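Participant: The following block contains a protein sequence and its predicted model.
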2 protein chains.
Amino acid sequence: MLDADAIARLRLIRTRSIGPATYAQLLTRFGSAQAALDALPDLVRRGGGASPRLAGVDAIEREAEQVAHAGARYLILGRDSYPALLAETDTAPPALIVAGDVGLLTRPSVALVGARNASAAAVRFARILAHDLAAEDLVVVSGLARGIDTAAHVGSIDRGTIAVIAGGIDVVYPPENAGLQAAIAERGLVVTEQPPGTEPRARHFPYRNRIIAGLAQGTVVVEAAMRSGSLLTARIAADYGRDVMAVPGFPLDPRAQGCNALIRDGATLVQSAADVVATLRPFGAGRTVAAPPRPFEYAEPVVEPNATERHALAGLLSPVATPIDELIRQSGLAPAAVQTILLELELAGNLQRHAGGRVSVG
Amino acid sequence: MLDADAIARLRLIRTRSIGPATYAQLLTRFGSAQAALDALPDLVRRGGGASPRLAGVDAIEREAEQVAHAGARYLILGRDSYPALLAETDTAPPALIVAGDVGLLTRPSVALVGARNASAAAVRFARILAHDLAAEDLVVVSGLARGIDTAAHVGSIDRGTIAVIAGGIDVVYPPENAGLQAAIAERGLVVTEQPPGTEPRARHFPYRNRIIAGLAQGTVVVEAAMRSGSLLTARIAADYGRDVMAVPGFPLDPRAQGCNALIRDGATLVQSAADVVATLRPFGAGRTVAAPPRPFEYAEPVVEPNATERHALAGLLSPVATPIDELIRQSGLAPAAVQTILLELELAGNLQRHAGGRVSVG
């Protein structure tokens, strides 16, 4: 069963106002999940809000029973065999729930994603590509969606496939992939960050996409329309500094537009597993089998901002999303003090974080 | 009718052992076509060969009559309204024979080429792309072949199309394009470097391709298999420092392989006329309407190599193609002397020139 530290971490994670970025800040600031839990009421009070409803120990223990009942287990960020490449990303899920062969997480991997309504030719191409990538000892990561994702898993299940799902480990989606999902939990690996019982909703898919991009050395897109989820996965992979590859298509097919746009924007055009391997190799195979980093082991020196400082920073915040770097420069405060004040405001529900390290209020 | 200089130039051009590169060397060396004609017997004798059968004045006058009879005219490199961009290339045809609107040669242009056995979708796409490019006031240059070339001309004939053909101006090829060729000679421009009556043979098509690439600011390839003529046109365009663009295709179609390979090698992926325009603009529209350069106006100082120098250079030549720069460095001779000796050997049929300024003997 779970140890005290794991329970404390899960209590933080399952608390509504605490996302991966806030979680990381809390552990950095307080050195342990338990210390963060102890400090939370005070932090939130200073931020001007009501104390958050912390997830209880009993709720976490019930969740852990469901996880075990589903034949799954937790991987905790900074502990255990949490996947190293995912741990490097700035919004790494604090905990994953996985079912299947966790050994796949230590092997070089590539994500293969694309349209749900893919053409028959593209589905066939994706299945063959996944098979050939697996034959090159690359684990194929995808999202178990209809179309390209399904083909990617089918093509690679015999030699290594990881399905990242948007809902709970015990929830099947899409329904027609029930057999495939069960087979991957048996012979591959199913991964999610959502607690058991979570029905996948539209908002869950972007979260799922960042895990796909984060787990893999690179992402290959096969048939994707403009503004599709697959393109977002590719953009996230690029943000993470991973290789982005795309299979081109003839311009008259709208499902080619996304891939062609990626190539125009600098993604590598790939037509075969050999092309993918040639693109990935320089990344360094050694990196993926390295021991996971251990973040959060040391707390930063605690800087307790005073009332004047809190007031000065509050005066700089506005409904316009502002880079934290800018707030530090304009306030003249120590970076740690600024981070502490922002964390307090956030936990109290009085601050929103945005992409690119920007924050806003109101 | 033709003036004396034009007749002298054409006599050189129509002499079997004199290609565009040799022609350029002769005019640079002797300052005029007539001076080169006068010097040829001596040059060839020094190179160790029999004097070449020079084309006679009467043969040239008969050719000029055929040109006039076909409703065509000559454009002489370095004179008249010879197209400026083509004149910049190192193997520019010394004379073109053209029928139609020569004003098209002064407008910005783009080449659009591709597979003869193109898919129906690609043919339709090429026709629309050509139409849209012409609507952007770009003249569309192509090769009047079946498939993509035909579509390129059909799409742009109303607003500006140039067909570069591999045979004589009075020879129709392919037969089914007889009507289109006549229409282009009427409303567009038909261009060739071959004399009237020339039936197009396989060896003529690469020569034709270099004119297509040389006339245009950039070359767009739509559907081209690996090792196709369209790819060669694109490579030539790249060698000329022109923009190379390609329309991608799904990898399962062999006709997509060439375009996809071009994109991998750095060609710009284009999906529309707007993409092409965006790629071409930085080239500078002003450049294409500039007056043609006037090469060959001044002869280089004549350097007469002596027997010792001839012997030294001959000792460095071998069946292995060797860069001329290397011969100059190793021989220690003046560059003009080396060029003169090589020219003599070439005219005598004892030297072959290769890509990249390399030569071999034997």
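Facilitator: Perfect, I can see it now.

Participant: Quick check: A:Phe210 touching A:Ala111?
Facilitator: Quick fix: residue A:210 is Arg, not Phe. No: counting by Cβ atoms under 8 Å, A:Arg210 sits too far from A:Ala111 to count as a contact (11.0 Å). Every residue, glycine included, has its C-beta placed from N, CA and C.

Participant: who touches both of those two?
Facilitator: Here A:Arg210 and A:Ala111 share the contacting residues A:Thr233, scored by Cβ atoms under 8 Å, 6 or more residues apart in numbering or on different chains.

Participant: Show me which of those two is the more surrounded one.
Facilitator: More crowded of A:Arg210 and A:Ala111, by other Cβ atoms under 10 Å in any protein chain shown: A:Ala111, with 33 against 24.

Participant: what is the rounded mean pLDDT of the helix or strand that contains the more buried one?
Facilitator: Taking DSSP states H and E as the definition, one finds A:Ala111 inside strand A:109-114. For strand A:109-114, mean pLDDT is 98.

Participant: One more: stretch A:58-66?
Facilitator: Mean pLDDT, stretch A:58-66: 96.

Participant: Check stretch A:334-354 too.
Facilitator: Stretch A:334-354 shows an average pLDDT of 85 in the prediction.

Participant: do stretch A:230-237 as well
Facilitator: 94.

Participant: right, is it up against chain B?
Facilitator: No: Stretch A:230-237 does not reach chain B (Cβ under 8 Å from any Cβ of the partner chain); its nearest approach is 15.4 Å.

Participant: Count the neighbours of the nearest residue in space to A:Ser109 that is not next to it in sequence for me.
Facilitator: Nearest residue to A:Ser109 in three dimensions, chain neighbours excluded: A:Val139, at 3.9 Å (Cβ to Cβ, 6 or more residues apart in numbering or on different chains). Neighbours of A:Val139 under the rule other Cβ under 10 Å: 27.

Participant: can you check A:Asn350 too?
Facilitator: Using other Cβ under 10 Å, A:Asn350 is surrounded by 17 other residues.

Participant: what residues does the strand holding A:Ala111 touch?
Facilitator: With contacts defined as Cβ under 8 Å, 6+ apart, strand A:109-114 is touched by A:85, A:122, A:126, A:129-130, A:133, A:138-143, A:147-149, A:152, A:156, A:160, A:162, A:209, A:212-213, A:215-224, A:229-230, A:233-234, A:237, A:276, A:280, A:288.

Participant: if we can go back for a sec, confidence score at the residue nearest to A:Ser109?
Facilitator: For A:Val139, the predicted pLDDT is 98.

Participant: can you check A:Tyr82 too?
Facilitator: On pLDDT, A:Tyr82 comes in at 96.

Participant: how about it, phi and psi?
Facilitator: phi -60, psi 140 (degrees, to the nearest 10).

Participant: and the closest residue to it other than its chain neighbours, backbone torsions?
Facilitator: In space, A:Tyr82 comes closest to A:Leu75 once its chain neighbours are excluded; the distance is 4.7 Å by Cβ to Cβ, 6+ apart. A:Leu75 adopts backbone torsions of phi -120, psi 120, taken as degrees, to the nearest 10.
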